[in-house]
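Peer 1: I would like to see how this sequence folds:
(2 chains)
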Amino acid sequence: MRPLTEPETKVVFDKLANYATDLKTLITPLDDGDRYVFRLNHSRVYYVRLSIANMATSISRDALLSLGTCLGKLTKTGKFRLHITARTTIHLPPLPTPLAFRSNQLTKKNTVPILAEHARHKVWVKENGAQPFLYGSNVVKAHVGRWSEDCPEHSGCVVYSMADVPLGFGVTARSTAEARRLDPTGIVVFRQADCGEYLRDEDTLFAG
Amino acid sequence: MAPTRTVKNKHATNGSGIRNSKSAKNPQTDNVIKAKKNQPNKSHIAATGLKGRPKISDILKKRKQRVYSAKELGIPELNKITPVGVEKPKGKKKGKIFVDDRESMTTILALVTAEKEGQIESKMIKARQMEEIREARRAEAEAKDQERKAKFDETKDQVRKKRKREKGVRDDDVNGFKSAMEEGTRAMKPKGKKKKVSFAAE
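Peer 2: Now for the predicted structure:
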């Protein structure tokens, strides 16, 4: 586990900036003096409290499965791919040694709420469209309940259900004006990641 | 003829150690030797005459031939392969440079955000312009369509009027037709004058 280098940090921020506007809040210090940092382990990028990251240094790299929130992975070509992982703060493989903070550091948080707080563009999906989206398909126009105005094409957007629950994120296929003229089966948003991914790709999400 | 001298004692030359000898008193002055002896004097005079000017040889000695390196000349480097690890950048930290402090992260974030904002802004402007162009095209197409429709209506009206006029002509024709019918052509026999067969009442 190590901090990110400068180009890596840039790539991660670049990706996050596609979806969210105010990223400064991600790294602002907390009230208790702690702050969130980015850590890299097995080419996965984790967003984690500094105190927890410091604690996790006592665990060998091979033994450390996950910590904090896994934001995504850095590919071998140097790109960053966002993941949605409803994983808990520290996950460890079953080790015989008793680890004190294995059970008490559980905080349910994944990438979507982090991005959804400061989403640049939003798309609300009707109930009939939520399930297809969570199963990995793109959002078609017939499923869109509403969308934010003045959204250009090929820009990142966060997908919500009509009850304002963030489901995932994608890239707009058409601008808002163009999408209005689209037929109901036309794709409006290309899926990038969804909450269903956490179950579907469970085997490959943290390894491989 | 050149004056000749007689040497009494050929051993009593200058530097031989024999004193009072003529040759010892008057050192042998050979023409050739004289000339040899005088030459440096002349050059010395000449040198003293050109006082202040450095000698050419001195200049050559002083001017050191400067050796230029390839870097100074700016010669393009050859397309050579430098094995990894042979050339190490001087004054640079070995290995990765991590970004963990808040300041540098904020700097990177500010840079990225500014870049992204610019990109999105340009994209929005582009999209708006495209939308304007599309709107203008649509308006133009609509106007053209309306024009075409109007033209079509006009032609329709014209055709209608024409037909009416033709109808008027045809009315006359109908009169002619009637007259023809009255005349009693076979094809156009009036239906009112149908032949009837009646039987005489008993």
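Peer 1: Are the helix ranked longest in chain A and chain B in contact anywhere?
Peer 2: If you go by DSSP state H, chain A has its longest helix at helix A:6-19. Yes. Shown here: helix A:6-19 in contact with chain B (Cβ under 8 Å from any Cβ of the partner chain) through A:Glu6, A:Thr9, A:Lys10, A:Phe13, A:Asp14, A:Ala17, A:Asn18. Placement of C-beta: from N, CA and C, glycine included.
Peer 1: and what of stretch A:148-155?
Peer 2: Yes. Judged by Cβ under 8 Å from any Cβ, stretch A:148-155 comes into contact with chain B through A:Asp150, A:Pro152, A:Glu153, A:His154, A:Ser155.
Peer 1: Most widely separated two among those?
Peer 2: Using Cβ to Cβ, the residues of stretch A:148-155 next to chain B span at most 14.4 Å, a distance reached by A:Asp150 and A:His154.
Peer 1: quick one on the thing from earlier: between the residues of stretch A:148-155 next to chain B, identify the one with the most neighbours.
Peer 2: Comparing the residues of stretch A:148-155 next to chain B by number of neighbours (other Cβ atoms under 10 Å in any protein chain shown), A:Pro152 comes first, having 23 neighbours.
Peer 1: In contact with it, which residues?
Peer 2: Contacts here follow Cβ atoms under 8 Å, 6 or more residues apart in numbering or on different chains; on that basis A:Pro152 touches A:Thr172, A:Ser175, B:Ile120, B:Lys123, B:Met124, B:Lys126, B:Ala127.
Peer 1: quick one: the first one from A:Ser137, how far?
Peer 2: To tie it back to what came earlier, the one meant is A:Thr172. Distance of A:Thr172 to A:Ser137, given as Cβ to Cβ, to the nearest Å: 16 Å.
Peer 1: can you give me the helices for chain B?
Peer 2: Under DSSP H, chain B gives helices at B:22-25, B:31-49, B:56-62, B:70-73, B:102-183.
Peer 1: Report the lowest-confidence entry in the residues of stretch A:148-155 next to chain B.
Peer 2: Within the residues of stretch A:148-155 next to chain B, A:Asp150 has the lowest pLDDT, namely 80.
Peer 1: That one and A:Thr176 touch, don't they?
Peer 2: Yes. Counting by Cβ atoms under 8 Å, A:Asp150 does reach A:Thr176; the two are 6.4 Å apart.
Peer 1: Can you read off the pLDDT for B:Lys10?
Peer 2: The model reports B:Lys10 with a pLDDT of 54.
Peer 1: and stretch A:24-37, how far apart are its ends?
Peer 2: 12 Å (Cα to Cα, to the nearest Å).
Peer 1: contact partners of it?
Peer 2: Contacts of stretch A:24-37 (Cβ under 8 Å, 6+ apart): A:3, A:16, A:47-51, A:53, A:68, A:114, A:117-118, B:100, B:102, B:105-106, B:109.
Peer 1: How is the chain divided into domains?
Peer 2: You didn't say which chain, so I picked chain A. Per automatic domain parsing, the domain ranges recorded for chain A read A:2-115, A:119-198.
Peer 1: wrong one, I was asking about chain B
Peer 2: B:22-62, B:103-180.
Peer 1: avg pLDDT for the first one?
Peer 2: Going back to what we said before, that points to domain B:22-62. Mean pLDDT, domain B:22-62: 56.
Peer 1: One more: the longest one?
Peer 2: Per-residue pLDDT over domain B:103-180 has a mean of 85.
Peer 1: just to revisit the earlier point, select only the buried ones of the residues of helix A:6-19 next to chain B in ChimeraX?
Peer 2: Applying 16 or more other Cβ atoms under 10 Å in any protein chain shown to the residues of helix A:6-19 next to chain B, the buried members can be selected in ChimeraX as follows:
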select /A:9,10,13,14,17,18
